[in-house]
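Enquirer: Give me a 3D structure for the following:
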Amino acid sequence: MGQAWVLSKKFFSLSLIFNGLLTIACVTSILGGFYWFYDNWQPFSPYLVDGNLLWVVIAAAAINIFPSAKLGRDLRTGRFLFHHYFYGFLVLSCSVVYVVVFTPASLLTIFVTDNTSVSVNIGRFFILGGSTLILDDLPDVSRRIESTLNSLKVKAHGTGKVILVFQLLTGAVSLYVFIAVCLAVSQNLQWVTLANLILIFTVLVTSITSFLFVKRKVWLNLATDKHEQPATH
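Expert: Numbers count the residues shown, from 1 in each chain. Predicted coordinates for the structure are as follows:
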């Protein structure tokens with residue numbers, strides 16, 4: 001039962017990292033249309049007052065990734081032959097080859113292109129999945145990366161209160177974006193698409209995660225284990 005609980009928490013940590021990356025990918029796709037593809041387009045208008053607020057959602061998702069990964073690194077789950085980052089690089093490499101060879105999308109613009117075909121979405125999914133495994137195990141990639149991350153944790157601890165306020169604000173804006181998208185989709189059935197439903201879910205999880213991390217003051221506690229031994233994955 002104890003090992004099952006540890007594995008469940010590890011899966012939860014990986015899910016939060018993946019949700020953060022997926023949120024960034026979904027919002028980036030909308031920003032691509034907002035800035036480049038559609039003239040004078042205001043996404044989810046009139047409920048979303050300004051499409052530029054989507055940048056705040058990206059910030060909220062990004063600031064959640066580091067503490068989400070830390071949840072998993074505090075656990076000792078053992079490893080099967082290799083560290084997680086090995087499998088992450090393997091999945092990411094195969095995904096890149098798949099996108100280049102088997103999809104009509106460009107690798108450099110795959111997350112902003114207006115293409116929702118199955119092949120492109122599969123490529124996006126596995127790119128995000130591979131990136132999730134790498135971020136989860138990033139300190140074990142090299143000593144230099146681990147040392148750099150530990151230094152960043154110390155600096156973040158020094159400005160933890162500022163980061164907590166910023167996280168609270170970005171979480172609140174993310175919650176507003178979630179409500180705005182829900183209202184817009186409910187008023188126009190043509191907007192009830194899989195992409196928008198995924199956006200709604202990921203933004204909601206991002207906002208809730210932001211509030212939970214603020215409540216637990218995770219950015220104030222990051223430096224307390226700066227001399228920790230690398231976890232065995």
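
Enquirer: low-scoring pLDDT stretches of this protein, where are they?
Expert: Along the chain, the parts satisfying pLDDT under 70 run over 1-5, 73-83, 157, 222-233.

Enquirer: I figured L183 hits Y47, correct?
Expert: Yes: between L183 and Y47 there is a contact under Cβ atoms under 8 Å: 4.4 Å. Every residue, glycine included, has its C-beta placed from N, CA and C.

Enquirer: So if I had to pick from the two, which one is more boxed in?
Expert: Counting neighbours by other Cβ atoms under 10 Å for L183 and for Y47 shows that Y47 has the greater number, 17 against 14.

Enquirer: How much space separates the more buried one from I145?
Expert: When distance is defined by Cβ to Cβ, to the nearest Å, Y47 is 42 Å away from I145.

Enquirer: cool, D39 as well?
Expert: 43 Å.

Enquirer: Which one's more surrounded, those two?
Expert: I145 (13 against 5).

Enquirer: residues in contact with that one?
Expert: In this structure, I145 makes contact with L138, P139, judged by Cβ atoms under 8 Å, 6 or more residues apart in numbering.

Enquirer: Where is the longest helix in the protein?
Expert: Taking residue count as the measure and DSSP state H as the definition, the longest helix of the chain comes out as helix 2-32.

Enquirer: Which positions within the helix or strand following it qualify as buried?
Expert: Later in the chain than helix 2-32, the nearest helix or strand by DSSP states H and E is helix 54-73. Using 16 or more other Cβ atoms under 10 Å as the burial criterion, the residues of helix 54-73 that qualify are 54, 56-61, 63-73.

Enquirer: Number of residues surrounding the residue nearest to Q42 when sequence neighbours are not counted?
Expert: With Cβ to Cβ, 6 or more residues apart in numbering as the measure, G51 is the residue that lies nearest to Q42, at 5.9 Å, once sequence neighbours are left out. Counted with other Cβ under 10 Å, the burial measure for G51 works out to 17 neighbours.

Enquirer: Y35 now?
Expert: 12.

Enquirer: measure it to L53 for me?
Expert: Distance, Y35 to L53, by Cβ to Cβ: 14 Å.

Enquirer: May I ask you to confirm that F211 is in contact with L169?
Expert: No: the criterion here is Cβ under 8 Å, and F211 misses it with L169 at 11.2 Å.
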